[in-house]
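> Could you work out the structure for the sequence below:
(chains A and B)
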2 protein chains.
Amino acid sequence: MTRKHLLAIFSCFLICSKILAADPLASDGDDGYRLWLKYESVSTASVKAEYLKYTTFITQPGKGEILQSASRELQMGLGKLLGKTVNVTNSSGGKTGGIIFRIEPGADTTKPAEGYQVQLSGGNIVISSKSENGILYGTFALLRHMQMQLPIKGLSIASSPKVRYRMLNHWDNPDGTIERGYAGQSLWKWYELPERVDPRYTDYARANASLGINGTVLNNVNASARFMSQEYIAKVAAVANVMRKYGIKTYLSVYFAAPKTLGGLKTSDPLDPQVRAWWKEKVAQIYKEIPDFGGFLVKANSEGEPGPQDYGRTHADGANMLAEAFQPYEGIVVWRAFVYKADPNADRFKAAYEEFVPLDGKFDPKVIVQVKNGPIDFQPREPFSPLFGNMPKTPLGMEFQITQEYLGFATHAVYEAPIFKECLDSDTYVNGAGSTVAKVVDGSLHGYARTLMAGVANTGNSRNWTGHPLAQANWYAFGRLSWDHQLSSEQIAREWIALTLTQNQKASGHITALMLRSREIYVDYNTPIGLSRPWMGVHFAPEPWQNKGSRPDWTAVYYHRADSIGLGFDRTVSGSNALAQYRPQVQQQWHNPDQTPLPYLLWFHHVRWDKKLNTGRTLWEELCTRFYTGADSVMWMQQQWDLAKPGLDLQVYAEVADRLKVQRREAIWWRDAWVLYLQTFAKQPVPTGFEPPKQTLEEVKKSVNVYLIR
Amino acid sequence: MTRKHLLAIFSCFLICSKILAADPLASDGDDGYRLWLKYESVSTASVKAEYLKYTTFITQPGKGEILQSASRELQMGLGKLLGKTVNVTNSSGGKTGGIIFRIEPGADTTKPAEGYQVQLSGGNIVISSKSENGILYGTFALLRHMQMQLPIKGLSIASSPKVRYRMLNHWDNPDGTIERGYAGQSLWKWYELPERVDPRYTDYARANASLGINGTVLNNVNASARFMSQEYIAKVAAVANVMRKYGIKTYLSVYFAAPKTLGGLKTSDPLDPQVRAWWKEKVAQIYKEIPDFGGFLVKANSEGEPGPQDYGRTHADGANMLAEAFQPYEGIVVWRAFVYKADPNADRFKAAYEEFVPLDGKFDPKVIVQVKNGPIDFQPREPFSPLFGNMPKTPLGMEFQITQEYLGFATHAVYEAPIFKECLDSDTYVNGAGSTVAKVVDGSLHGYARTLMAGVANTGNSRNWTGHPLAQANWYAFGRLSWDHQLSSEQIAREWIALTLTQNQKASGHITALMLRSREIYVDYNTPIGLSRPWMGVHFAPEPWQNKGSRPDWTAVYYHRADSIGLGFDRTVSGSNALAQYRPQVQQQWHNPDQTPLPYLLWFHHVRWDKKLNTGRTLWEELCTRFYTGADSVMWMQQQWDLAKPGLDLQVYAEVADRLKVQRREAIWWRDAWVLYLQTFAKQPVPTGFEPPKQTLEEVKKSVNVYLIR
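As a prediction, the model looks like this:
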């Protein structure tokens, strides 16, 4: 074979790859399916050479199925990173230059079993842990390290989870729809299960395990009783069989009235012996199919869902009955604190505290109460929920929302780590300064045995999992923070960008900047200075004027309280006094409108339109400034993204660039809606320097109506 | 470079491909996305050599965008089939060995402009047509020819569409859900549009154009008025811009009450001048954005939808008002005949005929009345609709349902070409023997100027488009039959299998057998001997006992009329006399229970349980035999599929094999439900030789209840 022949072969390759590039049916672009587990070929020769030296074998002791997952992941990862096949042995036989899994049961019971160490030892890379889960997490840590092309020399990673139950909550319905889902249909294909097990479930499990997530609630908290039927338990078991291999336990949301509607009993009263027996038997039936079943998640007596109060019982009565059914097993009961009664005179802000604090100490030890980060409902910005710190005898789990219900669906780029961190870092002052929400949640403040962080998932069957490519970062950030809430937003962003988008430094810088500012920009054009928007409907279009709802707290005007005098909800002693639910040091921060930081101002005060704020502007001027500069800043985001283009895959570039155009248009929509509506109260012109909206309030209302009509 | 080096290179390739094969994130299996446009490398050397000879260039006259699509498709297809890049020139310059597009305006106006010829001429392959669309269709015909590795020698394909409007109807809602969709969410991403245009729209257009489909109705017939807003028209225009490049016109379903709900008028009365003006202006507004807009599809006064009858007007009044708005344009109005009133004493079978036949001759020439294949609602088997042939002055379009609403969703394999053909080949006897439904629909019987065949789409955002891999064949079959209804079911199946699944003869034989029998097998376990099942709800689970509904004709018992004497709906003169809506020759076939072919028996007769049928069995015995053998035959389908395995991609094999397991389980479910329920009337044991159901009727009902409870 001559050089000419070889050239011919190579040009054939070139042509073939060109042809593929032109094929819209088999795009060569990054379709986002691989998430942060791309394992792209290591490009730096010296790094690659070093990696090759330490990857000559994998030693896996025993045949545990989670260890097998770790080996398989490592083989695949190394195969793609380094272009080599690595054999798995059950003993290193004294050789060096390999990767060794080492299970160390160890006497040190203070360390969580899921922690791991990855370090150079005796010429090998040793991944050690007390548990198979830990080995898997260590494996993903090593692969992350290598994907970022970091040196092996001096390798020493040690990490332990700060929270025990790290889980996703899927608000997925049995018909495949997802409540507040913006990335297609549910991943769970109930009609095909249990016979057909979609290979995608494995990739879902890998992605979660790579972050340390160890639990998943498959179905919506507005639960169907269907999941308690034998038919569905068999389907769930088939999914659980996949999850188990990656150290993930499967949970179900339950419909509290299932004993009646599915079981045919006359009541679902938690104190009724037959009801208790029904749940016991049901849980036993589940464990027969799913021996490592995780437990139940319950939304009860909330937004029309049935619950123990239907029978004059308390949340504790309901939760404890279920906990009793789990006594013989490892499983737990996660009981949501998201409750608020339809009382027109009440402040919804106070509802969860009022219902749950009196129950502190009354819950079975198997119960965790899951609390949303804020007192209302996943707003773009909320103060932390006053429940945190006020139930020292009851483990309180954190519920964050990853899916962008109030954050612009899948067309706005909002990096959520700053939202999560803002809440976790808030100081409750319960045991003096430094009593952060994080310390409540990780159990260190009150010594909870069971600790939990849950994220309402943003996944769907869209090819790229999350609809907006940048929304993958929110899944990633939630997972990483559920493992270690001390990571910074920037650290997580940089890590995610390197694994997912680009290792080009310049591009990474622009994208990091975009991500880190994105939440504040969104707040500025959407709900600045402590506004909120939990109004009825699809949560997509601006409706600050919405004043009709089946309940007063399902209107917009209930929250912003705009009138001729000013704007905002007085929650001080002169108003609802919700502020009294916090410790004095917190009250101190927020009780005086002159000293309340602007991000929280309208959360706690009704402020006069002409009040001078510490920015030197009146409230009206400041609002307009935020709405306008927020919408303008979307152009800055577009610019940052464009500057990053040289470091990006073109398909990913286009996906985001096009969505930023949508975001820009919709940011103006929000701006105009608020400005024109609030202007009817403030009765002042748009401040000089800002161009008044081109449309009238009636025109904006009409454009919103499009999303409300049949 | 030595042979050793080369070996090293090749083994590296082998290893790399092995690694890729082990990667669950980048499966090497066929994920079904490419449909029948896979263009896999031509494997037979002699064929490839011949193809190489005739593909040295492409000559494309002019820059028409549909011609560009044809060139692009050809370049991509040849690139993948032959591994070569082919240049596009605007003139062959007298060279030979290329592919030449030739637009021939021609004087022969009898031939449809969309017809094409592909033939060898002067040493080139010449694709000629009067239109750009025809060139595109000819291009796809040539590529189909080459994918099947057929010889170029003697190449001469000439084909013309028998029907003018060949379209898909998407029952897709603006929130992304699909009514009766079983393949994920809608392809149309309204929240991202118009800024982001999903590249998948192009692949959708390619797939349709490859079959000759030239129209698509983007939204559900239970229509949202939203689509008539300026916001949504802009979004639709962005989709239309993609479709146009492939000769596909975009249509919209309209909400008849839109003038009121969206336009703010006081009425939607079609005779009201303001209403007429509103629609005129609306249509003009659409044409401003979409100059080749296709037209409207309307479901009016049907199942609660608004319509002209709300104002005492007729369907013709409503349709003609809309047609008037389309006068200045090419667009048409497609008005559905799917109507039935809530009259407890009426036979729903007769409703469409009774409402529409009196209107014959009253419709504007721009109106096509779209009729479902059968008189009820897409049942597994129905007699043809008696409307066909009875409206000689009104173009009647055919509405088939591709999505498997009553055919087991995406878990049952049912090849639908035999359903479509059965209807098209039915003889109406309107102008004597041979007056088939096909001749009504293609206009040859009554000389309709506008002819239409529509299929309710089975597409969704699932990676493989249709959920069940074999359901792709139903999209394919619909498209091919809408072009040429004379193709046989087998011919289409063989073609689709060769393009999509395998060219292995043995495997193809097994799959063809499976597909051709699949519909009869489904009918046997689901609705044998003329049973039907248009009951309420999700249309998934067996509910023959369902006797409560908001309307009598929304119960199961209304249709099967089981009692202690027998089973079936008497539609002869002694019953509803629906049979009188057919010509005497048709009545002749079906009026006598002793002579009615078994597939239609219970459609027209109430038959005694102990009546001996021409099979030698009583009705009860025959029913049981069908239910049991039907369910058994699913095992035969499994066997055929397993026999085909050596010729199949393993991922596709597994996808179907797993679903066949579901189908087998659900077939038994249907069998047991019917047998146990009908037994309460027939009061006879399951015939000897068949094992009685293992479950009781109550148990089956309970298992169905799982799908009905909250």
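
> Close to chain B: what parts of the stretch 351-500 of chain A are there?
With Cβ under 8 Å from any Cβ of the partner chain as the criterion, the stretch 351-500 of chain A meets chain B at residues A:409, A:410, A:411, A:460, A:461, A:462, A:463. Any C-beta I mention is one placed from the backbone N, CA and C, and that applies to glycine too.

> ok, now with 10 Å
Residues of the stretch 351-500 of chain A that fall close to chain B, judged by Cβ under 10 Å from any Cβ of the partner chain: A:408, A:409, A:410, A:411, A:460, A:461, A:462, A:463, A:467, A:468.

> What subset of the residues you listed is buried?
Burial by neighbour count, judged by 16 or more other Cβ atoms under 10 Å in any protein chain shown, picks out A:408, A:409, A:410, A:411, A:460, A:461, A:462, A:467, A:468 from these.

> How about the contacts made by the fourth one?
Going back to what we said before, that points to residue A:411. For residue A:411, the contact set (Cβ atoms under 10 Å, 6 or more residues apart in numbering or on different chains) comprises A:182, A:404, A:467-468, A:540, A:658-663, A:665-666, B:189, B:191-192, B:195-196.

> in chain A, which residue is closest to the centre?
By Cα atoms, centre = their mean, the mean C-alpha position of chain A lies nearest to residue A:402, the distance being 3.1 Å.

> got a list of what it touches?
Taking Cβ under 10 Å, 6+ apart as the contact definition, residue A:402 lies against A:168-169, A:378, A:416, A:420, A:454-459, A:466, A:471, A:474-479.

> Give me the subset of these that lies in helices.
Where those overlap with helices, as defined by DSSP state H, the overlap consists of A:420, A:474, A:475, A:476, A:477, A:478, A:479.

> now check the longest helix seen in chain A, is it near chain B?
Among the elements of type helix in chain A, defined by DSSP H, the one spanning the most residues is helix A:650-682. Yes. Using Cβ under 10 Å from any Cβ, a contact is recorded between helix A:650-682 and chain B, made by A:651, A:654-666.

> Any quick PyMOL command for the buried ones out of those?
Burial among these is assessed by 16+ other Cβ under 10 Å; the matching PyMOL selection reads:
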select buried, chain A and resi 651+654+655+656+657+658+659+660+661+662+663+664+666
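
> out of the residues of helix A:650-682 next to chain B, who's nearest residue B:164?
Of all the residues of helix A:650-682 next to chain B, residue B:164 sits closest to residue A:658, with 35.6 Å by Cβ to Cβ.

> Looks like the closest one contacts residue B:192 (just checking).
Yes. Taking Cβ atoms under 10 Å as the contact criterion, residue A:658 and residue B:192 are neighbours in contact, 7.2 Å apart.

> Name the residues contacting each of those two.
Shared contacts of residue A:658 and residue B:192 (Cβ under 10 Å, 6+ apart): A:411, B:198.

> Can you classify residue A:52 by secondary structure?
Three-state assignment for residue A:52 (DSSP: H, G, I helix; E, B strand; the rest coil): helix.

> ok, the closest residue to it other than its chain neighbours - contacts?
Beyond its immediate neighbours in the sequence, the residue positioned closest to residue A:52 (Cβ to Cβ, 6 or more residues apart in numbering or on different chains) is residue A:82, lying 6.0 Å away. Contacts of residue A:82 were listed using Cβ under 10 Å, 6+ apart, and they are A:39, A:41, A:42, A:48, A:49, A:51, A:52, A:55, A:146, B:19.

> Next: residue A:130.
Applying Cβ under 10 Å, 6+ apart, one finds that residue A:130 lies in contact with A:103, A:104, A:105, A:106, A:108, A:109, A:111, A:112, A:113, A:114, A:115, A:116.

> Which single residue of the stretch 451-600 of chain A ends up nearest chain B?
For the stretch 451-600 of chain A and chain B, the shortest gap (Cβ to the nearest Cβ) falls at residue A:461, measuring 5.5 Å.

> So that residue sits against residue A:201, correct?
No. With contact defined as Cβ under 10 Å, residue A:461 and residue A:201 do not form a contacting pair (11.6 Å).

> So for the two, which residues contact both of them?
Looking at what touches both residue A:461 and residue A:201 (by Cβ under 10 Å, 6+ apart), the common residues are A:187, A:188, A:189.

> Between those, identify the one with the most neighbours.
residue A:188 (25 neighbours; other Cβ atoms under 10 Å in any protein chain shown).
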